[in-house]
Structures are given as structure tokens and as C-alpha cells.
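1. need coordinates for the following:
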Amino acid sequence: MKALYHVLPMQYVSVAKLHNKLGGEENQNTVRKLIDKMAQDGFVELEGNRRLGKRVLHSDITKKKAY
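-> Residues are numbered from 1 along each chain as shown. The predicted structure is shown next:
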């Protein structure tokens, strides 16, 4: 849940960005699994840009979750 609050204000999320936002508490493999779970739940796109990461989807539901 903590990861979701870091991700929702961002435009693009990558494993390295989220790992840094979490302060290195989780290893990168776990962060990758979290991003995949967010993609399945519809918070980020399934396909991503290799350089930027996966695009975060902004909708009314995600805005309610973020704030």
C-alpha cells in the first residue's frame, strides 16, 4: 500500500525509481512484483517504455486512492 501512494502522483514508474522512493527497504525483485501487481489491478499500464518505465494511469478511482 505504501508503494501505491508513492506511485500514483508520478507519470512513469520504474523499478529503480520506486526502489529509491521506498528507501531501499524492499529488494528490486519485490519492487518488480509490486509494479506487476499494480499493472494487473489497473493502476499502471501493462506495457512500458524501456527508458521511462511503465505509465501510471490517472483516473477518478486512482485520485481517491492517492488522497
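2. hmm, who's touching the longest helix seen in the chain?
-> Among the segments of the chain that qualify as a helix by DSSP state H, the longest is helix 28-41. The contact list for helix 28-41, computed with C-beta atoms under 8 Å, 6 or more residues apart in numbering, reads 3-4, 7, 13, 15-16, 18-19, 22, 26, 44-46, 54. For every residue, glycine as well, the C-beta is placed using N, CA and C.
3. one more time with 10 Å, if that's ok
-> By C-beta atoms under 10 Å, 6 or more residues apart in numbering, the surrounding residues in contact with helix 28-41 are 2-4, 7-8, 13-22, 24-26, 43-48, 53-54, 56-57.
4. so which of the residues you listed are in strands?
-> Judged by DSSP state E, those include 13, 44, 45, 46, 47, 48, 53, 54, 56 as members of strands.
5. tally of neighbours for the fifth one?
-> The number of residues packed near residue 47 is 8, by other C-beta atoms under 10 Å.
6. let the chain start at 593 from now.
-> Got it, first residue is 593 now, which makes that one residue 639.
7. contacting residues for the nearest residue to it once chain neighbours are set aside?
-> The shortest distance from residue 639 to any residue that is not its chain neighbour, by C-beta to C-beta, 6 or more residues apart in numbering, is 7.6 Å, and that residue is residue 646. Residue 646 sits next to 599, 604-607, 627-628, 630-631, 635-640 when contact means C-beta under 10 Å, 6+ apart.
8. check these and tell me the two furthest apart.
-> Across the contacts of residue 646, the two members that end up farthest from each other (C-beta to C-beta) are 599 and 639, 16.5 Å apart.
9. residue 598 touches residue 635, doesn't it?
-> No - between residue 598 and residue 635 there is no contact, the gap being 11.6 Å when judged by C-beta atoms under 10 Å.
10. more neighbours: the two, which one.
-> Neighbour comparison, residue 598 and residue 635: the larger count goes to residue 635, with 22 against 15 (by other C-beta under 10 Å).
11. surely the more buried one touches residue 596?
-> Yes - the pair residue 635 and residue 596 passes the contact test of C-beta under 10 Å, sitting 6.7 Å apart.
12. the residue nearest to residue 639 bridge partners, please.
-> Bridge pairing for residue 646 (DSSP bridges) gives the partners residue 605, residue 640.
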